[in-house]
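1. requesting a structural model of the entry that follows:
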Amino acid sequence: MKVTWVNRLRCLVRVALVLLPMTVLEAPAMAASGEAVSFPGIGFDLRGELFLPVGEGPFPAVVALHGCSGLYGRDGTLSPRHADWAVRLQSAGFVVLFVDSFGSRGADSQCRTKGRVARAWKERVDDALAAMIFLRARRDVKADAISLIGWSNGATTVLYVLRKTASEKTQARFASAVAFYPGCRVPSERGNWHTSTPLLILIGAADDWTPAAPCERLAAAADKAGEPVTYQAYPGAFHDFDHPQLKLRVHHGLAYSGDGSGTAHTGTDPAARADATARVPAFLAR
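-> A predicted model of the protein is given here:
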């Protein structure tokens with residue numbers, strides 16, 4: 001982790017925030033326009049949003065997993081973070097499939113619910129693998145170049161997907177994976193998490209919803225075992241640091257939080273966001 005470089009970038013961004021209008025700096029890449037799709041899950045059809053690059057392909061692809069808030073905002077459109085990443089990855093030449101794990105089961109936000117309709121370690125793992133199978137059957141997708149990305153609860157699912165495919169025989173595996181601020185405590189404490197899939201973990205060092213320390217331990221154990229895990233913690237950044245325009249706020253009544261109080265902070269961190277939006281497409285394209 002190049003802390004010095006990140007701190008310098010943070011200073012430059014803070015200067016820019018003073019000199020330029022906030023709306024210019026925080027605007028999403030462009031409006032997101034995807035295609036509603038459905039595909040077989042286990043026992044029922046899953047719904048999602050599919051984004052296709054310009055051209056005939058075949059293209060590399062990304063399966064994207066939302067956090068506990070769900071895939072959509074209150075207005076029924078993709079939430080700003082998902083919309084922003086959809087366009088960024090689509091523009092970088094990836095087919096992007098966002099899986100609606102909660103909405104497909106008739107539920108909305110699960111952030112304040114402990115008994116969730118789709119658990120990160122079970123049902124959502126099945127959803128991710130079902131999405132990969134769906135993409136592999138498409139002619140416009142490179143079947144051996146499908147990656148996985150997730151945020152928060154979806155990022156925790158990423159960890160369990162990689163553990164499953166590393167420990168069990170499967171017909172296909174993801175080419176690489178990115179986990180934005182996952183919950184690493186349980187995989188880290190159990191000590192039996194492994195992966196053979198290149199993984200990038202991005203998290204805020206000040207995250208009090210899904211703390212960074214367990215992820216740092218998980219990455220250190222993987223590094224010791226010679227497994228392909230890259231870990232990047234951003235000083236001073238909280239949960240949702242990559243959101244395009246989220247003011248710092250405090251959430252209460254959460255089902256899970258770092259200290260068990262149900263209270264945690266979220267908010268955009270411009271320096272961390274700038275690094276992540278450059279780092280992720282490059283990592284997936286390797």
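2. please count neighbours and contacts with C-alpha atoms only from this point.
-> Will do.
3. neighbours of H251, just the number please.
-> When counting by other C-alpha atoms under 10 Å, one arrives at 12 neighbours for H251.
4. isn't it up against S257?
-> No. Assessed by C-alpha atoms under 8 Å, H251 is found out of contact with S257, at 9.9 Å.
5. which residues are in contact with each of the two?
-> T263, A264 (C-alpha atoms under 8 Å, 6 or more residues apart in numbering).
6. please enumerate the helices of the stretch 101-250 of the chain.
-> Assigned by DSSP state H, counting those that start in this stretch, the helices in the stretch 101-250 of the chain fall at 123-136, 153-167, 185-190, 212-224.
7. could the ones you listed be laid out in CSV, adding mean neighbour count?
-> Output for the helices of the stretch 101-250 of the chain, formatted as CSV (neighbours: other C-alpha atoms under 10 Å):
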stretch, mean neighbour count
helix 123-136, 21
helix 153-167, 24
helix 185-190, 14
helix 212-224, 19
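8. quick one, which of these is nearest to E56?
-> helix 123-136 (15.1 Å; C-alpha to C-alpha).
9. where in this structure is pLDDT low?
-> The model of the chain has pLDDT under 70 over residues 1-32, 169-171.
10. mind running it again at 90?
-> For the chain, applying pLDDT under 90 flags the ranges 1-33, 56-57, 74, 164-172, 286.
11. centre-most residue in the protein?
-> G150 (2.3 Å; C-alpha atoms, centre = their mean).
12. what strand or helix carries F39?
-> Element membership for F39 (DSSP states H and E) is strand 35-40.
13. give me the residues contacting the helix or strand following that strand.
-> Where DSSP H and E defines the elements, the next helix or strand beyond strand 35-40 is strand 45-51. Strand 45-51 is contacted by residues 33-40, 86-87, 90, 95-101, 103-104, 127 when judged by C-alpha under 8 Å, 6+ apart.
14. pull the host helix or strand of W85 out as PDB, backbone CA atoms only.
-> Using DSSP H and E, W85 sits in helix 80-91. C-alpha atoms of helix 80-91 as PDB (Å, rounded to 0.1, in the frame of the first residue of the first chain):
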ATOM      1  CA  PRO A  80     -25.900   6.300  -8.100                       C
ATOM      2  CA  ARG A  81     -22.900   4.100  -7.100                       C
ATOM      3  CA  HIS A  82     -24.000   1.100  -9.300                       C
ATOM      4  CA  ALA A  83     -25.000   3.400 -12.200                       C
ATOM      5  CA  ASP A  84     -21.600   5.100 -12.100                       C
ATOM      6  CA  TRP A  85     -19.700   1.800 -12.100                       C
ATOM      7  CA  ALA A  86     -21.900   0.300 -14.700                       C
ATOM      8  CA  VAL A  87     -21.000   3.100 -17.200                       C
ATOM      9  CA  ARG A  88     -17.300   3.000 -16.200                       C
ATOM     10  CA  LEU A  89     -16.900  -0.700 -16.700                       C
ATOM     11  CA  GLN A  90     -19.100  -0.700 -19.900                       C
ATOM     12  CA  SER A  91     -17.000   2.200 -21.300                       C
END
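15. all strands for this structure, in order.
-> 35-40, 45-51, 59-65, 95-100, 141-151, 177-180, 199-204, 229-234, 249-251, 264-266 (DSSP state E).
16. buried set for the helix holding W85?
-> P80, R81, H82, A83, D84, W85, A86, V87, R88, L89, Q90, S91 (16 or more other C-alpha atoms under 10 Å).
17. distance to R279 added to those residues, as JSON lines?
-> Output for those, formatted as JSON lines (distance: C-alpha to C-alpha, whole Å):
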{"residue": "P80", "distance to R279": "19"}
{"residue": "R81", "distance to R279": "16"}
{"residue": "H82", "distance to R279": "17"}
{"residue": "A83", "distance to R279": "18"}
{"residue": "D84", "distance to R279": "15"}
{"residue": "W85", "distance to R279": "13"}
{"residue": "A86", "distance to R279": "15"}
{"residue": "V87", "distance to R279": "15"}
{"residue": "R88", "distance to R279": "12"}
{"residue": "L89", "distance to R279": "12"}
{"residue": "Q90", "distance to R279": "15"}
{"residue": "S91", "distance to R279": "15"}
